[in-house]
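Q: how would this look folded up:
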Amino acid sequence: MKRFLFLILCFIIPSLIWSKNIYSSPKGVEVNNDYTVKIRTSNGIWQDVPTYLFYVDDTENGTHKKEKTSVAKFDFDDTVEVCITSTKNKICSYRLRPLSYDIPTQQEGNTVTFTLNKSRYMSFEINGDIYHNLQIFADHRISKPKVKKNNFIYFGPGLHDLNGDSIAITSGKTVYIDQRAVINGWLSIYKADNVKILGHGIINPGRHEGIMVKYSKNVIIDGPLTTQIPVGGSDSVTIKNAKVISWYGWGDGMNVFASNNVSYEHVFCRTSDDCSTIYCTRLGYNGGCKNITIKDAVYWADVAHPIMIGLHGDVSKYEIIDNVLYDNIDILEQNENQIDYQGCIGINNGDNNIVRNITFSNIRVEDIHKGMLINMRVCYNKKYCHAPGSGIENVTFKNFSYNGTHAGMSIIIGYDDSRKISNIQFENFSINGITIYDDMPNRPKWYKTSDYANMFVGEHVENISFIKSK
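A: Numbers count the residues shown, from 1 in each chain. As a prediction, the model looks like this:
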């Protein structure tokens with residue numbers, strides 16, 4: 001009997017305590033109680049997951065309004081069951097997005113459950129409300145690295161208040177941010193080599209970039225949730241399993257400025273401005289961009305573009321953006337009233353830049369609120385540029401799909417005979433399940449294929465094709 005009681009004390013009671021506290025929010029960090037979230041593995045003990053308070057930008061009526069949203073994040077190994085309960089509103093309808101994930105769900109009253117077997121970044125929305133939703137960040141665990149003490153910076157569970165300031169991460173340093181850590185401040189990687197920032201904690205700097213990579217090389221960022229992660233004047237930067245949410249003006253998500261060999265994999269951006277940008281000279285960073293790769297991303301632009309390329313540069317240097325790949329991208333939203341800044345994918349080329357060898361593959365756009373699918377222009381935006389762009393060439397859209405009714409007319413237009421758009425190919429371009437291609441049956445010969453895509457192809461555009469392949 002004593003042995004049995006001993007086993008209870010040593011194993012069962014600690015497991016109950018562990019199940020309640022493993023994801024507890026740090027004291028002093030705001031939570032949002034619109035939802036309760038629980039998880040369990042292999043029919044084990046349900047664990048409570050806190051729902052953190054974040055803010056997003058509501059522009060439904062053409063003005064900026066700060067809205068409260070929720071974030072639940074947790075780590076798991078193989079398979080995890082998730083249980084979400086709406087505590088504030090009755091669930092009349094709900095969505096778990098991206099829709100392409102096609103995750104089976106079960107509803108019982110105000111509770112929805114589902115199972116995950118891989119890391120997913122998602123939005124759970126009830127009754128069509130996209131602002132007071134629940135962002136879910138389900139990550140595979142990252143082990144605490146073994147690093148020499150003098151090269152290791154550790155943020156353990158709890159609130160770390162930097163008093164609105166930053167910490168400089170110098171060469172050779174590894175930073176680990178615990179899942180239950182929240183940093184009020186930001187991290188600055190400036191003129192540093194061989195730096196790592198790891199872990200699934202939160203970096204919350206307020207109206208500021210959460211992690212800044214400036215003039216640095218050989219940088220790895222793996223896992224955190226923050227506001228923005230710009231990369232400027234840098235080389236060989238890898239960002240993966242990172243999440244950003246912003247609500248304030250100029251709140252871009254993951255910018256690339258004048259940098260080379262930058263890669264992103266498995267990232268999430270919900271932003272109050274552009275989600276992903278690639279620019280040449282800008283904000284003190286100088287030069288072009290080449291070898292930029294973005295794979296497995298979820299983009300949600302409450303304003304502006306999910307993807308934007310080419311606007312800024314040094315007019316005297318004719319800078320080049322070359323060899324860019326966006327692959328396996330889910331675009332959940334664009335809600336932009338200004339036509340100049342619409343485009344789920346925008347290549348707006350200015351400042352004498354050349355944009356070339358760009359590939360967009362496996363792009364899925366859901367039913368955005370307001371915007372257009374593609375805005376590709378050699379343009380002269382006098383608000384931000386000092387000259388039009390020099391040209392856009394060799395752009396491929398492969399396996400691009402849109403399902404919805406709200407997207408406006410797309411635009412592809414050059415500037416003049418010396419500043420053209422050329423060699424644009426659409427392969428398996430589909431709208432609402434219909435593939436659009438040059439040899440479509442029963443297409444009148446006097447129609448452009450682009451007419452079927454609700455796309456205006458204007459002057460100074462040459463060699464554009466729509467093809468269908470298996």
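Q: wait, residue 182 sits on residue 201?
A: Yes: with contact taken as CB atoms under 8 Å, residue 182 and residue 201 are classed as touching, separated by 6.5 Å. C-beta: built from backbone N, CA, C; applies to glycine.
Q: those two: which is more packed in?
A: In this comparison of residue 182 against residue 201, neighbours counted by other CB atoms under 10 Å, the higher total goes to residue 201 at 27 against 23.
Q: any idea how far the more buried one is from residue 195?
A: The span separating residue 201 from residue 195 equals 17 Å under the rule CB to CB, to the nearest Å.
Q: next: residue 403.
A: Following CB to CB, the distance that separates residue 403 from residue 195 is 41 Å.
Q: next, count neighbours for residue 95.
A: 18.
Q: my guess is it contacts residue 122. True?
A: No: the criterion here is CB under 8 Å, and residue 95 misses it with residue 122 at 9.7 Å.
Q: state the distance from the residue nearest to residue 374 when sequence neighbours are not counted to residue 286.
A: With CB to CB, 6 or more residues apart in numbering as the criterion, residue 374 has its nearest non-adjacent residue at 4.2 Å, and that residue is residue 410. Taking CB to CB as the measure, residue 410 falls 32 Å from residue 286.
Q: swap in residue 33?
A: Taken as CB to CB, the spacing of residue 33 relative to residue 286 amounts to 48 Å.
Q: residue 316 too?
A: Shown here: residue 316 relative to residue 286, a distance of 11 Å by CB to CB.
Q: out of the two, which sits in the more crowded spot?
A: More neighbours surround residue 286 than the other of residue 316 and residue 286, with 16 against 11 (other CB under 10 Å).
Q: pretty sure that one contacts residue 232?
A: No: contact criterion CB under 8 Å: residue 286 and residue 232 do not qualify, at 9.5 Å.
Q: before we move on, back to that, quick one, which of residue 403 and residue 195 is more surrounded?
A: It is residue 195, of residue 403 and residue 195, that has more neighbours when counted by other CB under 10 Å, with 23 against 15.
Q: so which strand or helix has the more buried one?
A: Using DSSP states H and E, residue 195 falls within strand 193-198.
Q: tell me what the very next helix or strand once past that strand is packed against?
A: Taking DSSP H and E as the definition, the helix or strand that follows strand 193-198 towards the C-terminus is strand 202-203. Secondary-structure packing of strand 202-203 (3 or more CB pairs under 8 Å, 6 or more residues apart in numbering; DSSP states H and E): strand 181-190, strand 225-226.
Q: any idea how many residues pack against the nearest residue to residue 125 once chain neighbours are set aside?
A: Across the structure, with CB to CB, 6+ apart as the measure, the residue nearest residue 125 apart from its sequence neighbours is residue 133 (4.4 Å). Residue 133 has 24 neighbouring residues, counting by other CB under 10 Å.
Q: just residue 194 next, same as before
A: If we define neighbours as other CB under 10 Å, then residue 194 has 15 of them.
Q: what's the distance between it and residue 233?
A: Taken as CB to CB, the span from residue 194 to residue 233 is 17 Å.
Q: and if you look at residue 126?
A: From residue 126 to residue 233 the distance is 43 Å (CB to CB).
Q: so residue 258 touches residue 286, yeah?
A: Yes: under the contact definition of CB under 8 Å, residue 258 touches residue 286, with a separation of 5.5 Å.
Q: shared neighbours of those two, which are they?
A: residue 233 (CB atoms under 8 Å, 6 or more residues apart in numbering).
Q: where along the stretch 251-400 of the chain do the strands fall?
A: 254-257, 260-271, 276-279, 289-301, 307-309, 320-334, 345-349, 354-365, 371-372, 374-378, 391-402 (DSSP state E, counting those that start in this stretch).
Q: determine the number of other residues adjacent to the closest residue to residue 460 other than its chain neighbours.
A: Across the structure, with CB to CB, 6+ apart as the measure, the residue nearest residue 460 apart from its sequence neighbours is residue 414 (2.7 Å). A count of neighbours around residue 414, defined by other CB under 10 Å, yields 25.
Q: what sits against the residue nearest to residue 64 when sequence neighbours are not counted?
A: The shortest distance from residue 64 to any residue that is not its chain neighbour, by CB to CB, 6+ apart, is 5.7 Å, and that residue is residue 57. Residue 57 sits next to 64, 65, 66, 67, 246, 247, 248, 251, 272, 302, 303 when contact means CB under 8 Å, 6+ apart.
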